[in-house]
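**Q** Sequence and computational prediction follow.
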Amino acid sequence: MTGRSTGVLAVGRAVPLLVRWGVSADADLVYRCLVTFGSRSTGGIAASLGLAVRRVRAALDELAEADLVEPAGHGTEAVTWRAAEVDVAVTNLRRRALRRAAPATEVAAGLLRPGMVRPFPARRLPDREATRRRIAELVAVERVEHLAMNPEEVFSTDALAIAAPMDIALLRRRIRLRSLGRAPADGDRSSRHASEFARLGGEYREAPRLPHKLMIFDRRVALVAVDPNGLHRGTWEIVEPAAVESFVSLFARHWTDATDPRRNGVPEVVLTPREKAVVALLAEGHTDTSAAKELGMSTRSVTYALRSLMDRLGVENRFQLGLALGAMQAASPPRNTPPVEGDHQ
């Protein structure tokens with residue numbers, strides 16, 4: 001692969017990675033091909049992507065079942081397919097995931113049901129602002145461990161702006177931070193948040209449902225929201241040791257059953273400076289050899305850089321690589337649109 005690069009990359013419209021919503025890699029590539037180059041037959045798609053026809057047929061069946069493609073009419077030899085608009089496709093995938101998601105119906109009464117904890121004294125913090133002030137005070141004196149359970153499906157910008165600096169401050173002080181969150185209701189399998197959290201030293205897991213909003217500080221103090229889904233109605237502050245230990249046990253049970261979203265998630269692919277430079281030069285029409293000369297690298301290093309990108313994105317050739325890179329707006333598919341004449345079934 002040292003001659004002129006096949007599949008030269010060019011600037012174009014980005015298409016999000018549909019695998020984030022459970023679409024197979026083949027189906028993602030087929031959809032991306034149809035969005036980029038317009039209606040095509042099964043054989044035309046197979047020829048463009050370098051995939052076996054049987055794999056393209058399976059991918060089209062999957063996309064049609066999800067309302068992401070539809071037959072566009074009949075040519076002289078074969079049915080052609082066209083893709084739904086990107087925004088429509090993503091909306092359809094999210095709606096499908098929401099229909100399948102089990103609703104979280106647990107409420108405060110379920111968390112504090114009789115027999116779960118014995119009666120305990122608790123101080124009422126009346127509203128969100130009082131709760132946040134108390135959280136700041138408790139975080140400032142934490143020394144060992146911070147546990148957080150967050151049942152919200154969506155966090156407000158304001159809540160994230162407060163939580164992120166607090167989490168970073170705890171991790172910088174080498175305090176163990178474990179956070180439980182809800183799996184996204186729309187089925188988005190991106191593992192970006194979990195990866196970034198782990199990079200900073202935290203531990204994050206997700207569960208399909210969680211009973212209550214809860215924070216535990218050094219296993220000494222528990223803050224339990226009056227409303228299970230937020231702090232707007234205030235919080236109970238609990239310091240009675242047996243009660244706090246009951247909440248620790250509750251957290252531990254859900255932590256054990258939860259999953260690390262990185263395990264089966266879709267990681268964000270970040271290009272290194274070298275990879276970005278290689279992609280940019282190929283987009284300008286350079287060969288592997290001329291790109292290597294421009295960057296002061298060996299031709300082999302350029303080829304290896306592209307091979308590494310293909311491996312990380314799970315694609316098999318440079319044309320597929322161009323399609324996959326479009327998801328990151330790093331580049332879009334090749335300028336040299338693959339031919340459609342002579343499509344084969």
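**A** In hand now; what should we look at?

**Q** rest of the way, CA atoms for contacts and neighbours
**A** Will do.

**Q** for stretch 291-304, which positions count as buried?
**A** For stretch 291-304, the neighbour count (16 or more other C-alpha atoms under 10 Å) marks 291, 292, 299, 302, 303 as buried.

**Q** Surely the third one is in contact with residue 286?
**A** No - under the criterion of C-alpha atoms under 8 Å, residue 299 lies out of contact with residue 286, with a separation of 11.8 Å.

**Q** re the thing from before, in a markdown table, list the buried residues of stretch 291-304 along with pLDDT and secondary structure.
**A** Listed next are the buried residues of stretch 291-304 as a markdown table, based on pLDDT from 0 to 100; DSSP: H, G, I helix; E, B strand; the rest coil:
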| residue | pLDDT | secondary structure |
| --- | --- | --- |
| 291 | 88 | helix |
| 292 | 89 | helix |
| 299 | 87 | helix |
| 302 | 86 | helix |
| 303 | 85 | helix |
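
**Q** Residue 27: which of the residues you listed is nearest?
**A** residue 303 (26.6 Å; C-alpha to C-alpha).

**Q** after the strand or helix carrying residue 197, next one along is what?
**A** Using DSSP states H and E, residue 197 sits in helix 192-200. Using DSSP H and E, the helix or strand that follows helix 192-200 towards the C-terminus is strand 203-207.

**Q** Pull the residues that contact the lengthiest strand in the chain.
**A** Among the elements of type strand in the chain, defined by DSSP state E, the one spanning the most residues is strand 230-238. Strand 230-238 is touched from outside by 120-128, 130-131, 152, 213, 221-227, 244, with contacts defined as C-alpha atoms under 8 Å, 6 or more residues apart in numbering.

**Q** Whichever of the residues you listed end up buried, select them in ChimeraX.
**A** Under the burial definition 16+ other C-alpha under 10 Å, those of these that qualify are selected in ChimeraX by:
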select :122,124,125,128,131,152,213,221,222,223,224,225,226,244
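
**Q** Mind checking which of the contacts of strand 230-238 land in strands?
**A** Among the contacts of strand 230-238, the ones falling in strands (DSSP E) are 123, 124, 125, 221, 222, 223, 224, 225, 226, 227.

**Q** Just put those residues in JSON lines and tack on pLDDT.
**A** Formatted as JSON lines, these follow (pLDDT from 0 to 100):
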{"residue": "123", "pLDDT": "87"}
{"residue": "124", "pLDDT": "89"}
{"residue": "125", "pLDDT": "92"}
{"residue": "221", "pLDDT": "95"}
{"residue": "222", "pLDDT": "94"}
{"residue": "223", "pLDDT": "93"}
{"residue": "224", "pLDDT": "90"}
{"residue": "225", "pLDDT": "88"}
{"residue": "226", "pLDDT": "84"}
{"residue": "227", "pLDDT": "78"}
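
**Q** now residue 298: how far from residue 250?
**A** Distance check for residue 298 against residue 250: by C-alpha to C-alpha, to the nearest Å, it reads 57 Å.

**Q** ah, wrong one, I meant residue 122
**A** Residue 122 is 18 Å from residue 250, by C-alpha to C-alpha.

**Q** I'd guessed residue 240 sits against residue 121; true?
**A** Yes - the pair residue 240 and residue 121 passes the contact test of C-alpha under 8 Å, sitting 6.9 Å apart.

**Q** residues making contact with the strand or helix carrying residue 179?
**A** Using DSSP H and E, the element containing residue 179 is strand 176-182. Strand 176-182 is contacted by residues 144-153, 167, 170-171, 201-210, 255, 258 when judged by C-alpha under 8 Å, 6+ apart.

**Q** chain center to that strand, what's the gap?
**A** Centre-to-centre, strand 176-182 and its host chain are 17 Å apart (C-alpha atoms, centre = their mean, to the nearest Å).

**Q** Give the pairing partners of it; include direction for each.
**A** Neighbouring strands of strand 176-182 in its sheet, by DSSP bridges, are strand 145-150 (parallel), strand 203-207 (parallel).

**Q** what's the next secondary structure element after the last one?
**A** Scanning forward in sequence from strand 203-207 by DSSP H and E, the next helix or strand is strand 214-217.

**Q** packing partners for that following strand?
**A** Here strand 214-217 touches strand 145-150, strand 221-227, helix 241-257, going by 3 or more C-alpha pairs under 8 Å, 6 or more residues apart in numbering; DSSP states H and E.

**Q** Confirm that residue 309 sits in a strand.
**A** No - judged by DSSP: H, G, I helix; E, B strand; the rest coil, residue 309 forms no part of a strand; its state is helix.

**Q** Look at it and say how many residues are nearby.
**A** For residue 309, the number of neighbouring residues by other C-alpha atoms under 10 Å comes to 21.

**Q** What of residue 85?
**A** By the measure other C-alpha under 10 Å, the count of residues near residue 85 is 12.

**Q** how much space between it and residue 15?
**A** From residue 85 to residue 15 the distance is 10 Å (C-alpha to C-alpha).

**Q** which stretches of this structure aren't confidently modelled?
**A** 1-14, 73-78, 97-120, 153-163, 184-195, 229-230, 264-270, 326-345 (pLDDT under 70).

**Q** can you give me the helices in it?
**A** Here the chain has its helices, by DSSP state H, at 25-37, 42-49, 53-65, 86-100, 108-111, 128-141, 157-172, 192-200, 241-257, 261-264, 273-283, 288-295, 299-313, 318-325.
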